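> 3D, please:
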Amino acid sequence: MCAHNLRYGLFVPRQHVALKVAEFDQITTKAGLTSDYARARRIGCSHTTILRLRQGKPAGGKFIAAALEALNVKFEDIFERKAA
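I've put the predicted structure just below:
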């Protein structure tokens, strides 16, 4: 699907940010975080937020910022942009 940008007359594909689950698990396990409860505590979110992201739901800005800071990783290490 495309969104129509009336200001410039362009079609812009919609995207969202998704968690790279395998990479997230590898990085957090290496840091000693072996459960979603431990991962959530470190990041400062609910374990249900991590469950939603595992199911492919889009990541919000607050989660992205908190995860990058808590895990000391770059955006592309654990997130990717996907077509909505």
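> what about the helices in the protein?
Using DSSP state H, the helices of the chain run over 21-30, 36-43, 47-54, 61-71, 75-78.
> from T49, how far off is T28?
The gap separating T28 from T49 is 14 Å, by C-beta to C-beta, to the nearest Å. Using the backbone N, CA and C atoms, a C-beta is placed for each residue, glycine as well.
> do the same with I27
I27 is 17 Å from T49, by C-beta to C-beta.
> which one's more surrounded, those two?
T49 (21 against 18; other C-beta atoms under 10 Å).
> OK, contacts around the spatially closest residue to the more buried one that is not a sequence neighbour?
Leaving aside its sequence neighbours, T49 sits nearest to F63 (C-beta to C-beta, 6 or more residues apart in numbering; 6.2 Å). The neighbours of F63, taking C-beta atoms under 8 Å, 6 or more residues apart in numbering as the test, are I43, C45, T49, L53.
> so which of those residues is the most crowded?
Of the contacts of F63, with other C-beta under 10 Å as the count, L53 tops at 24 neighbours.
> name the nearest residue to that residue, ignoring sequence neighbours.
Nearest non-adjacent residue to L53 (C-beta to C-beta, 6+ apart): L19, at 4.1 Å.
> now distance to P13 and mean pLDDT too, for the helices of the chain, in JSON lines please.
Formatted as JSON lines, the helices of the chain follow (distance: least, C-beta to C-beta, whole Å; pLDDT from 0 to 100):
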{"stretch": "helix 21-30", "distance to P13": "23", "mean pLDDT": "98"}
{"stretch": "helix 36-43", "distance to P13": "29", "mean pLDDT": "98"}
{"stretch": "helix 47-54", "distance to P13": "21", "mean pLDDT": "98"}
{"stretch": "helix 61-71", "distance to P13": "20", "mean pLDDT": "98"}
{"stretch": "helix 75-78", "distance to P13": "19", "mean pLDDT": "98"}
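> distance to R14 added to those, as JSON lines?
JSON lines is the format used below for the helices of the chain (distance: least, C-beta to C-beta, whole Å):
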{"stretch": "helix 21-30", "distance to R14": "22"}
{"stretch": "helix 36-43", "distance to R14": "26"}
{"stretch": "helix 47-54", "distance to R14": "18"}
{"stretch": "helix 61-71", "distance to R14": "16"}
{"stretch": "helix 75-78", "distance to R14": "19"}
